[in-house]
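> Starting from these lines, generate the structure:
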Amino acid sequence: MELVSKKRLELYAGRSHPELARDIAAHLGVQLGNANLRRFADSEDHCQFGESVRGADVFIFQTHARPVNDSIMEQCIMIDAAKRASARRITAVCPYLGYSRQDRKASGREPISAKLVTDLLSVAGADRIVSVDLHASQIQGFFDGPWDHLTAMPVLIDYLRSERLHDPVMVAPDAGRIKVAERFSQHLGWDLAFVYKRRPKGAPTQVEAVEVIGNVSGRTCVIIDDIVNTAGTICAAADLLMERGASEVWAAATHGVLSDPAVDRLKNSSLARVAVTDTLPIAPEKRFDKLEVLTVSGIIAAAIDAVFADTSVSEIFGGDNQV
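Residues are numbered from 1 along each chain as shown. Here you go, the predicted model:
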């Protein structure tokens, strides 16, 4: 007897970012599965899929938003449930990967927490990971399986092109972002500059922007970064660019973490516009006039479709998704 199996895509989402999950499902033309997530009185989470996932290609969506530890644990529980329900393949879709900035030991007696998170996903039963704009691309090496690294660059580039900025220049806020800024500048045909910054010893949350390398006088500067957390780096860079004669300064980033005091800093800064994507939910109280939120739902949906169909994810980005 010969059986011809039919591939089946099942998409489930945790509770950290339901809006983005629904948008991705709409792009794919599928219904979000019912994970029946609930929390017991003692704060433990529980999951029970409302339909069979036996033999299915299961995608578990969860961006690691606040509270980060809860988001990670909930996703691991969902992955474990899919594994024990005999899913054929399980993909963890993590637009923002928690602990991604703890990717190395900067000093003695520290953890490498990004490795721990990937270990948790692996042990839970994930066969593959999909994420957007990792803080450091080498994090992919922490996971012993395929990792599809997506980038929000096409979304941000389309937005910046549509704004028709006057005499623009792309600016890296520090040395670590030069390669990314260079890639943006090549696609847009803009000049490139970068800010030299330093952190005072013993004060890791404080940033000093020291000097600008490149011609910014009389020009519109766009600072590009992967994460806006407390906004110290971007605001310090913007102030220095204005001191050096920039006519206007914008900022663009993938992940709008916006930890306190980021919103107040950005509101009161010399920045004219701040563009982030919706890899993380942004609460109404954290939105302000200068803020523009762009969606990456189309990119994530295209990647899920490619993984399901066993076609190339890199071709979606023309090979520009590895930084």
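> Please count neighbours and contacts with C-alpha atoms only from this point.
Fine.
> show me where pLDDT drops low in this protein?
1-5, 198-209, 322-323 (pLDDT under 70).
> now the strands: where do they sit in it?
Taking DSSP state E as the criterion, the chain carries its strands at 9-13, 38-39, 45-46, 57-61, 89-94, 128-132, 147-150, 168-172, 191-198, 208-213, 220-228, 248-256, 273-277, 291-294.
> so who does Ser131 touch?
Val93, Cys94, Pro95, Tyr96, Leu97, Trp147, Asp148, His149, Leu150 (C-alpha atoms under 8 Å, 6 or more residues apart in numbering).
> mind running it again at 6 Å?
Cys94, Pro95, His149, Leu150 (C-alpha atoms under 6 Å, 6 or more residues apart in numbering).
> contacts for the longest helix seen in the chain?
Assignment by DSSP state H gives helix 68-84 as the longest helix of the chain. Residues outside helix 68-84 that contact it (C-alpha under 6 Å, 6+ apart): His64, Leu121, Ala124, Gly125.
> Just give me the closest of these to Ile112.
Using C-alpha to C-alpha, Leu121 is the member of these that lies nearest Ile112, at 15.1 Å.
> Please report the distance of the closest one from Leu97.
11 Å (C-alpha to C-alpha, to the nearest Å).
> And for Leu271?
The value you get for Leu271 to Leu97, if C-alpha to C-alpha is used, is 27 Å.
> again with Pro173
22 Å.
> One more: Ile90?
17 Å.
> the more surrounded of the two?
Set side by side, Ile90 and Leu97 show more neighbours around Leu97, with 25 against 22, by other C-alpha atoms under 10 Å.
> For that one, give me its contacts.
Leu97 neighbours (C-alpha under 6 Å, 6+ apart): His64.
> domains for the protein, by residue range?
9-151+298-317, 153-295 (automatic domain parsing).
> Look up how far Glu19 lies from Val274.
Val274 is 21 Å from Glu19, by C-alpha to C-alpha.
> now swap in Val180 and tell me
28 Å.
> If you count surrounding residues, which of these two has more?
Val180 (18 against 12).
> what about Arg39, how many neighbours?
10.
> ok, the closest residue to it other than its chain neighbours to Ala35 distance?
Among residues not flanking Arg39 along the chain, Asp45 sits closest, at 4.5 Å (C-alpha to C-alpha, 6 or more residues apart in numbering). Distance from Asp45 to Ala35, counting by C-alpha to C-alpha: 12 Å.
> Among the two, which residue is more densely surrounded?
Neighbour count, other C-alpha under 10 Å: between Asp45 and Ala35, Ala35 has more, with 20 against 15.
> Count residues in the vicinity of the closest residue to the more buried one other than its chain neighbours, would you?
Excluding the flanking residues, the one nearest Ala35 by C-alpha to C-alpha, 6+ apart is Phe49, at 4.4 Å. Residues within reach of Phe49, counting by other C-alpha under 10 Å, total 16.
> And Glu285, by the same measure?
So Glu285, with other C-alpha under 10 Å, has 7 neighbours.
> And it, how close does it get to Pro95?
22 Å.
> Same check on Ala251?
20 Å.
> Between the two, which is the more surrounded one?
Counting neighbours by other C-alpha under 10 Å for Ala251 and for Pro95 shows that Pro95 has the greater number, 29 against 25.
> separation between the more buried one and Ser217?
Counting by C-alpha to C-alpha - Pro95 and Ser217 are separated by 36 Å.
> ok, now Lys179?
Counting by C-alpha to C-alpha, the separation of Lys179 from Ser217 is 22 Å.
> and what of Trp250?
Taking C-alpha to C-alpha, one finds Trp250 at 15 Å from Ser217.
> Any idea how far stretch 73-84 is from the middle of the chain?
A distance of 21 Å separates the centroid of the chain from that of stretch 73-84, by C-alpha atoms, centre = their mean, to the nearest Å.
> before we move on, what about stretch 98-116?
That offset, for stretch 98-116, works out to 18 Å (C-alpha atoms, centre = their mean).
> do the same with stretch 293-302
Using C-alpha atoms, centre = their mean, the offset of stretch 293-302 from its chain centre is 11 Å.
> what's that stretch in contact with?
Here stretch 293-302 makes contact (C-alpha under 6 Å, 6+ apart) with Asp23, Ile24, Leu28, Ala275, Val276, Thr277, Asp278.
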